[in-house]
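Asks: Below is the structure, and that's it, no one-letter string:
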């Protein structure tokens, strides 16, 4: 048994990566089995019933191999084992038996060569030899038992050297090819890893620089009890360096996202495209790009000769411009007068720099993946990404360059007709009008002329717009009247915008404490983003701003306002949520979050219970469902719901899982699930996802819950073991002690169950225990244990085998004991803090 288990593991690993070859074996086998059945009637003496049963069995087996996608979800995990049986049976076994039964001959020899070649292609060398030996032995034994006059065809025996040459030569050739592919993959992986490291070095260096500057801006440390104060210049410096650090982080994430999108050839979803102004989008790219210094920022200039609209994805377009700007700035330090000019004119965006230019031989291959011109450490993926985005937009990108003079990239974008642009603008304004019609807005600005023009732009909203000339007047109006949105200038006499926002959020005007606040400012965007967020504002608009982007920004801020409020003002109050998870600990943690925002939670432990509850009532607002549950899984339940005649068959379904690979996400989407959350689930991410899926109404119009309030610090040494943020969220809602009391015995039970399963080599039970432990440790804030279990669990799921290395179970148990001690210490620390 150990021998066959080892052979099967080699076979499984052989088919673990790359496109599936097995289903194509099924297609070819099914077609050839049927075709050659009829071809043989061209030979004299052939009868219709000759080997009909044998070919029928082979045809059915091949069809099962071919139609893998149509297999039930719970049976797909057996597909590899089924394919092993099919190949062993249909290739060596059936072929040898047929050849012996017909007494050899040229057709049998030809069939043997063909089948042997296929066997070499679809198995590793160990299984090639094993299947040949077993298949030949079984076929020969069956032939000698069933044949009245068995004999050995000598012409088949004479071909044994040729058969051996096919097996040995084919496997040697395949082995050399695999070695070459492995070397190529290794080099590509090393190049990609080095490239990403190089690309991340600049933003990380900028973060380190800004941290040093922040340290310099802070006052000298002191042990005296008197409070230390910061000057206005020190505060401004801290905000500036914080904003620049955020830009550096954003830039690094953009590089990673762009690189991974290009490596995975992730397609752009044209359904999400919107109408964009080339001028506005280009200016936004220039504002938000992560410059290394002010000199680089000053090198960029945008010239709008003639603005135009195009249809595309704004984030992707920004990434394209970021890449072109990054490439241009890389070479400009070679020239003191280096400049980058972005020109918008007649459906074209041109990025022109007066750098050293590009040699002609490099220019011809610039848009090929992994091509980098003179840049040490560049990924060589940026321009390939740019080309793919432009093609997705229906446009194209080209490059012109003269060495020693300039380089110019030209993006040509398809025109948007006047009717399309008009319809887009009208739709956006209608959405804004529907959002704000009949509501009351307050416009605060000390510039009377600017107030007049802004009020004129807001007239389309059909809202009541009041005005205030300074912060003091604004607070007076806010005390007398409730407002739905506040458009607030930041630089004003008496009280500036920041002071007004601070007083509002502190409750000085109770009726408007949670009003949506949008800053209308001429401050640099990267600074305004940090400052307005800190001040409790919901968004900002840069001055000057045209009507359409202004009202769109107000709609966006109103629908994405920051999470705040009071516990009694629940965001999802009254919503009926069905929560399904086989782990009661996970259900309790999720239910605590949902109860905190006023949702009414009903729990289920498996998919069948979900169907039963949906059949009893039709007033469900959402279903949160774990994908991996015993009995009926989440995927099976989702498919059953969507295919049923239940009144609630269209209820929004959110998938919950600890295993978030692309295949799992695709399976959830195919089953009809609307969204996907990875365990452990962050409370605010959960609220936001529910808010997106649950239709707006009275139950969902209340403000959000309180943000996490500061709690006592965790004991020393817990930071690496525990997720203190998650534990603090439980402490805030009063669930910490209860959840920790449930965690300790359940974690011990799951580890004991895992150990027992490992001793019996029961992989299914082991995966079930690991799955539960993974979800529970994440929800309990046992961060280090969660990561360790994930590193063990994911390969086990993907490869369907126990870990090869020894000691993994001991690592889990040892880390679990450390985690228990850290959680106990954390709980005691919190209890002591409450007493104090």
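Replies: Here it is on my side, so go on. Computed from a predicted structure; not experimentally measured.

Asks: any chance you could map the strands in the stretch 551-700 of the chain?
Replies: Assigned strands in the stretch 551-700 of the chain, in chain order: 576-580, 600-604, 622-626, 653-657, 675-678 (criterion: DSSP state E, counting those that start in this stretch).

Asks: Any regions of the stretch 201-350 of the chain where pLDDT drops low?
Replies: Along the stretch 201-350 of the chain, the parts satisfying pLDDT under 70 run over 201-203, 205-206, 220-228, 247, 250-251, 253-269, 290, 334.

Asks: If we use 90, what do you get?
Replies: Across the stretch 201-350 of the chain, the stretches falling below the confidence threshold (pLDDT under 90) are 201-277, 280-281, 283-299, 307-309, 311-320, 322-323, 326-338, 346.

Asks: returning to that earlier point: deepest of the strands of the stretch 551-700 of the chain, which one?
Replies: Most buried of those by mean neighbour count (mean count of other Cβ atoms under 10 Å) is strand 622-626; its value is a mean of 26. Quick note: C-beta positions are derived from backbone N, CA and C, even for glycine.

Asks: could you say what helices and strands that strand packs with?
Replies: Packing partners of strand 622-626 (3 or more Cβ pairs under 8 Å, 6 or more residues apart in numbering; DSSP states H and E): strand 576-580, helix 607-616, helix 634-643, strand 653-657.

Asks: quick one: which of these is nearest residue 167?
Replies: Counting by Cβ to Cβ, residue 167 lies closest to helix 634-643 out of the helices and strands packed on strand 622-626; the figure is 41.4 Å.

Asks: And the closest residue to residue 14 other than its chain neighbours, how far from residue 135?
Replies: Taking Cβ to Cβ, 6 or more residues apart in numbering, and ignoring the residues beside it in sequence, residue 14 has residue 124 as its nearest neighbour in space, at 4.5 Å. Taking Cβ to Cβ, to the nearest Å as the measure, residue 124 falls 16 Å from residue 135.

Asks: higher neighbour count, those two?
Replies: Summary of the neighbour comparison: residue 124 and residue 135, criterion other Cβ atoms under 10 Å, with residue 135 having more neighbours (23 against 19).

Asks: As a quick check, tell me the outermost residue of the chain.
Replies: With distances taken from the mean C-alpha point of the chain and given as Cα atoms, centre = their mean, the most distant residue is residue 149, at 65.4 Å.

Asks: quick one, phi psi at it?
Replies: Torsion angles at residue 149 (phi, psi; degrees, to the nearest 10) stand at phi -140, psi 70.

Asks: before we move on, what about residue 752?
Replies: The phi and psi torsions at residue 752 (degrees, to the nearest 10) take the values phi -60, psi -40.

Asks: so how far is residue 791 from it?
Replies: Distance check for residue 752 against residue 791: by Cβ to Cβ, it reads 21 Å.

Asks: quick one: residue 283 and residue 302 touch, right?
Replies: Yes. When contacts are counted by Cβ atoms under 8 Å, residue 283 is listed as touching residue 302 (5.6 Å).

Asks: For the residue lying closest to residue 469 once chain neighbours are set aside, which residues are in contact?
Replies: In this structure, residue 469 finds its nearest non-sequential neighbour in residue 446, 5.6 Å apart by Cβ to Cβ, 6+ apart. Residue 446 makes contacts with 469, 470, 489, 491, 492, 493, as judged by Cβ atoms under 8 Å, 6 or more residues apart in numbering.

Asks: among those residues, which ones are buried?
Replies: Neighbour counting over these (16 or more other Cβ atoms under 10 Å) leaves 469, 470, 489, 492 as the buried ones.

Asks: secondary structure element for the last one?
Replies: Spelled out, it's residue 492. Taking DSSP states H and E as the criterion, no element holds residue 492; it sits outside all helices and strands.

Asks: What does it show for phi and psi?
Replies: Backbone torsions for residue 492, taken as degrees, to the nearest 10, come to phi -140, psi 150.

Asks: I'd guessed it sits against residue 445; true?
Replies: Yes. Shown here, residue 492 and residue 445 form a contact pair, counting by Cβ under 8 Å, at 7.2 Å.

Asks: For residue 478, grab the count of nearby residues.
Replies: A total of 25 residues lie near residue 478 under the criterion other Cβ under 10 Å.

Asks: Find the residue closest to it in space, skipping its chain neighbours.
Replies: By the measure of Cβ to Cβ, 6+ apart, the closest residue to residue 478 outside its immediate chain neighbours is residue 509, 4.1 Å from it.

Asks: wouldn't that neighbour be in contact with residue 503 here?
Replies: Yes. When contacts are counted by Cβ under 8 Å, residue 509 is listed as touching residue 503 (7.3 Å).

Asks: that older thread, who wins for proximity to residue 155 among the helices and strands packed on strand 622-626?
Replies: With distances scored as Cβ to Cβ, the stretch of the helices and strands packed on strand 622-626 nearest to residue 155 is helix 634-643 (53.4 Å).

Asks: what residues does the closest one touch?
Replies: For helix 634-643, the external contacting residues (Cβ under 8 Å, 6+ apart) are 73-74, 580, 607-608, 610-611, 614, 623, 625-629, 632, 648-649, 651, 653, 655-657, 667-668, 671-673.

Asks: Now do the contacts for residue 758.
Replies: 766, 802, 809.

Asks: And residue 22, by the same measure?
Replies: Residues counted as contacts of residue 22 (Cβ under 8 Å, 6+ apart) are 15, 65, 68, 79, 83, 122.

Asks: One more pass at 6 Å, please.
Replies: Counting by Cβ atoms under 6 Å, 6 or more residues apart in numbering, residue 22 makes contact with 65, 83.

Asks: Residue 231 now?
Replies: Residue 231 makes no contacts at all, as judged by Cβ under 6 Å, 6+ apart.

Asks: what number of residues lie near the residue lying closest to residue 99 once chain neighbours are set aside?
Replies: The spatially closest residue to residue 99, leaving aside those adjacent along the chain, is residue 108, at 3.7 Å (Cβ to Cβ, 6+ apart). Residue 108 is flanked by 21 other residues according to other Cβ under 10 Å.
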